[in-house]
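Chemist: Just to be clear, the model below is a prediction. Sequence and coordinates:
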Amino acid sequence: MKKAIVILLLAVVGWALVDAFTHVKFGESRLGDLKNPNTVGAFYLQKTAPELSVANVVTAIVVNYRGFDTLGEVTVLFLAAAGLGSILYRRKEKGAHDTMILKNSSQLLQTGARLIFPAILVLGAYVFIHGHLTPGGGFQGGVIIATGFLLMFMAYKDYHVSHNILTWVESLAGVLFVTVGFWGLIFGGSFLKNTMGTGVLNDLLSGGVIPIVYIAVGFKVAAELTGVLETLLNFKIKK
Amino acid sequence: MVISPVHYIALPLLAAFLIPLFSKINRELVRIVPGLVLAYLSAVSVILMNRVIQTGQPIIETIAGWRAPWGIDLVFSPFTGFLASIMTFMALLIWLYSYRFKKVDHEPALKYYILFMMLVTGSTGIVITGDIFNMFVFMEITAIASFSLTSFYRDRDGAEAGFKYLLIGSLASTFVLLGILLLYSQVGTLNMAQIAERMHDVPSGMKITILILFATGLGIEAEMFPLNGWAPDAYSQSPSPVGSAFAAIVVKAGVYSLIRVIFTLFDVHGAYEFLIIMGIITLVISEFTAMKQTNLKRMLAYSSIGQMGFVLIAFGIGTKEAVFGALFLMFNHAVIKSLLFMSGSYFVYNNTSKEITDLSGMGKKFPLLAFFFAIGAFAIVGLPPFAGFWSKLYILIAAADNSLLGLVAIILMVSIIEIVYYFRVVAKLYFGKPVEESITHKPTIGGYISMSILAAVIVIVGFYPDIVTGFLHNAADALLDKSGYINNVLHGAGELVKL
Amino acid sequence: MDPVLYNKIVTFDIYGSAIGLILIGLYALLVKKHLIKMVIGLSIIDSGVNLLFIAVGFIKGGTAPIFSPKGIELVQKGVTMVDPVPQALVLTAIVIGFGVTAVALSLVIRLYRHHNTARIDNIKSLKW
């Protein structure tokens, strides 16, 4: 009975959505006039290369034009880690480390993980350092690094990352982001304003503060995701 | 150093990032730093509100140096600034109240203060931002902080309440995101002023779909019926300071977002009637349910939902007097409901059941607390000479002026129900037989200070409502002045205050 | 093939699958009784919404919005770039979805430890 109501409801919702989206033609350009930008999309495509010297327009949007959203997003991650810590808190007996993974995995996984792990770290670092030149950026790079750690967690049941280091990296990266913002406020007149010279398009050192912010974000995301994974894995269910 | 609205967001963030590091230096810092930040922000509120009222121009701050609509802007107008100031002051008082409220280990306390500050930051951010996706991000910040804070205590059903809240809250964000998506595809911008400008080009079928998506998504946070199933559990299972914060801060942000979308962004006929109808349904159903409650906190929660329904009705009427009354009610509700939560929770401090019957005779043991609770109860049902009387009066006058006499009748009838269930509690407090086994906790000094301040505000505003009516009139004007908002954001100057 | 029909199929291809994902996720959320399945449903809804977002930004024949040397060459040849804004918004939305999922899973863990069951009909201490 309940299933029938739900399916009916879903049919209504689905039909309404499909109907709404027939007005949004797939593949049609809604950017308007590219020379005299009327929409934000066209404006960003026009102005990123000349004014910011950043090749990846999406990075420029995420870090500069809509940098405030990124600040909020970084906060969401931080909050998720804090919330996890508060919800799963248990008084710890001294020195005990319990884990949900009960035995070591196969030899194949262990050796493979140890081989691939450094490569994954390098790949992740590459992605977030070159965020302004190639697709990718802080978030993507941070997630790649966290995946590397996940691989190690799954391969070795006693693999641990020191929570202390993670906390320091997290907090310092966050402080760096807000400091860059305040720097912009004090010396540039508005929060997060780009106060460094922008350099030449497609150079590694172009874009002013944008690479700096994205690198900080990369570290922060990597540290946070690894912390979250570790918190979720460090839980023994009492039988 | 420039005093600007971005301090509301950036400073608590900085403090939150630094708190884990502070705790390695000195553990007490963890509890004190939020208070300092909130005190500073209250001072900032006073300065900014002063500036805004004097010049009559809202303060518009651009982020990252890109003017709206190419960048994100923060708008501190008499309306948004008023709400942000209330939230900051209430947060300061709630912090004072929660300082050493209950004994918790250091680790969770650290997380608590971080989450609490982010709750306030998220709500303030919702109110002062001028960009619709930014508003969504702040909504999520508030939401995640609320989910975690609801499940804070281990010895209650916090996890269930938190999980239920999470499921419903995530559905809300999904709907809002879908709404933003459709809106962006039609107008090509995310800035609220520019969306308002371009709204009349959007085909009306799409407008209605988008409005429905937004109303459903934002209505969940604004506790509109039938989307408020999460609220009673969240209010009753969370720690009391958090319950006060939900009532005074979070739900105001929810109502603000709904109102901003309907008043400024959309101009659909029937949106206002919709608000009135939903408000009436919310009001009536929750007040009746409140009467049936035996658990004190759930009763307060349902009462809170009902008051929000009342606010929606007043906004729905839409005239200047009605909006003025709605804002007055929001202000009063924040102050009064917090006082009720604060004093009420000390009565049921150690009993997990929190039944009203446990309150028997506490009036004699804790005269001051009972007095505070009584003031709160009298104020919220609208008795003169307390503050609640004026807001109810203004809304009733506005309804009568628009010949909505049926509405007047409903409101009066509901007020009688409110009187019944509130006075029931007060009578139990003073005239009930004391229950011997109940051990209660004496309130902290911080708790006494905050409750006294709130009680004083209720009484003072009750006798001299003119103290706040100036601010409220400006706020009402700012909300209703849609073209003024658009002009100021897109074409105006809006300078920052230098100190 | 008739362009109108082609357009309809392509539209419902991409939009349809994204909307389908949302509906599947909603179904899992509302009907399933196992807590983890509900969380998975939530995750699927997020994926569907993000996919829909990016699909809205697509422009036929467009290229990635990156001004690499190859990109500049393509622009000069007259190829348009896709709308970068939905991509930036989706980045944020994915991260937020991750945060919510993490908190949801931790709540599930706590509920499991407390009640020793992960099915919602056994945990009815709060009326739905």
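Modeler: Looks like it came in fine. Note that the structure is a prediction, hence the values are computed from the model and not measured.

Chemist: Packing partners of the helix or strand in which residue A:127 is found?
Modeler: In this assignment (DSSP states H and E), residue A:127 forms part of helix A:107-129. On a contact count with 3 or more CB pairs under 8 Å, 6 or more residues apart in numbering or on different chains; DSSP states H and E, helix A:107-129 meets helix A:138-155, helix A:210-233. All C-beta atoms are positioned from the backbone trio N, CA, C, and that covers glycine.

Chemist: And what about residue A:136, helix, strand or coil?
Modeler: Under the three-state scheme (DSSP: H, G, I helix; E, B strand; the rest coil), residue A:136 adopts coil.

Chemist: got a list of what the spatially most central residue of chain A touches?
Modeler: Centre of chain A computed as the mean C-alpha position; nearest residue by CA atoms, centre = their mean is residue A:139, 2.6 Å away. By CB atoms under 8 Å, 6 or more residues apart in numbering or on different chains, residue A:139 lies in contact with A:73, A:217-218, A:221, C:91, C:94-95.

Chemist: still on that earlier bit, quick one: which of the helices and strands packed on helix A:107-129 is nearest residue B:349?
Modeler: helix A:210-233 (31.0 Å; CB to CB).

Chemist: Could you point out which residue ranges in the chain have low pLDDT?
Modeler: You didn't pick a chain, so chain A it is. The model of chain A has pLDDT under 70 over residues A:91-102, A:189, A:195, A:197-200, A:235-239.

Chemist: was after chain C, sorry
Modeler: Using pLDDT under 70, the flagged stretches of chain C are C:1, C:7-8, C:10-11, C:122-128.

Chemist: Show me which residues of the stretch 201-350 of chain B sit near chain C.
Modeler: Residues of the stretch 201-350 of chain B lying close to chain C (CB under 8 Å from any CB of the partner chain) are B:229, B:233.

Chemist: pLDDT weak spots in the stretch 201-350 of chain B?
Modeler: B:350.

Chemist: longest helix of the chain?
Modeler: You didn't pick a chain, so chain A it is. helix A:163-188 (DSSP state H).

Chemist: Oops, wrong one, chain C.
Modeler: Under DSSP H, chain C gives helix C:84-115 as its longest helix.

Chemist: Which elements pack onto it?
Modeler: helix A:40-47, helix A:57-60, helix A:67-87, helix A:138-155, helix A:210-233, helix B:132-150, helix B:158-187, helix C:35-57.

Chemist: Relative to residue B:277, how far out is the residue nearest to the spatial centre of chain C?
Modeler: Nearest to the geometric centre of chain C sits residue C:47, at 1.8 Å (CA atoms, centre = their mean). Between residue C:47 and residue B:277 the distance is 35 Å, computed by CB to CB, to the nearest Å.

Chemist: now that we're looking at residue C:104, how far away is residue B:265 from it?
Modeler: From residue C:104 across to residue B:265, the span is 31 Å (CB to CB).

Chemist: Am I right that residue A:133 is in a helix?
Modeler: No - applying three-state DSSP, one finds residue A:133 to be coil, outside a helix.

Chemist: What is the neighbour count of it?
Modeler: With neighbours defined by other CB atoms under 10 Å in any protein chain shown, the count for residue A:133 comes to 21.

Chemist: Could you do the one 3 residues further on as well?
Modeler: Residue crowding around residue A:136 was assessed by other CB under 10 Å; the count is 23.

Chemist: Which strands or helices does the helix or strand hosting residue B:313 pack on?
Modeler: Residue B:313 belongs to helix B:296-317 when assigned by DSSP H and E. Applying 3+ CB pairs under 8 Å, 6+ apart, one finds that helix B:296-317 contacts helix B:230-237, helix B:240-245, helix B:251-260, helix B:271-291, helix B:320-347, helix B:387-401, helix B:405-431.

Chemist: Can I get the helix holding residue A:127 in PDB, CA atoms only?
Modeler: C-alpha atoms of helix A:107-129 as PDB (Å, rounded to 0.1, in the frame of the first residue of the first chain):
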ATOM      1  CA  GLN A 107      49.000 -10.400  -0.600                       C
ATOM      2  CA  LEU A 108      48.000  -9.100  -4.000                       C
ATOM      3  CA  LEU A 109      46.300  -6.100  -2.500                       C
ATOM      4  CA  GLN A 110      49.000  -5.400   0.000                       C
ATOM      5  CA  THR A 111      51.800  -5.300  -2.500                       C
ATOM      6  CA  GLY A 112      49.800  -3.500  -5.100                       C
ATOM      7  CA  ALA A 113      48.700  -0.900  -2.600                       C
ATOM      8  CA  ARG A 114      52.300  -0.200  -1.500                       C
ATOM      9  CA  LEU A 115      53.300   0.100  -5.200                       C
ATOM     10  CA  ILE A 116      50.500   2.400  -6.300                       C
ATOM     11  CA  PHE A 117      50.200   4.600  -3.200                       C
ATOM     12  CA  PRO A 118      53.100   6.900  -4.000                       C
ATOM     13  CA  ALA A 119      51.900   7.300  -7.500                       C
ATOM     14  CA  ILE A 120      48.500   8.200  -6.400                       C
ATOM     15  CA  LEU A 121      49.900  10.800  -4.000                       C
ATOM     16  CA  VAL A 122      51.900  12.300  -6.800                       C
ATOM     17  CA  LEU A 123      49.000  12.300  -9.200                       C
ATOM     18  CA  GLY A 124      46.800  14.100  -6.600                       C
ATOM     19  CA  ALA A 125      49.500  16.700  -5.900                       C
ATOM     20  CA  TYR A 126      49.900  17.200  -9.700                       C
ATOM     21  CA  VAL A 127      46.200  17.800 -10.100                       C
ATOM     22  CA  PHE A 128      45.800  20.400  -7.400                       C
ATOM     23  CA  ILE A 129      49.100  22.200  -8.200                       C
END
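
Chemist: Now it: buried residues?
Modeler: A:113, A:117, A:120, A:123-125, A:127-129 (16 or more other CB atoms under 10 Å in any protein chain shown).

Chemist: What ranges does the stretch 1-150 of chain B have for its strands?
Modeler: For the stretch 1-150 of chain B, the strands defined by DSSP state E, counting those that start in this stretch occupy B:2-3, B:59-62, B:73-76.

Chemist: quick one: residue B:396 and residue C:119, what's the gap?
Modeler: 49 Å.

Chemist: So between the two, which is more surrounded?
Modeler: residue B:396 (19 against 12).

Chemist: how about the more buried one, what does it touch?
Modeler: Here residue B:396 is in contact with B:408, B:411-412 (CB under 8 Å, 6+ apart).

Chemist: swap in residue C:59?
Modeler: A:27-29, A:31, C:80-83.

Chemist: I'd guess it is in a strand, am I close?
Modeler: No - using three-state DSSP, the assignment for residue C:59 is coil, not a strand.
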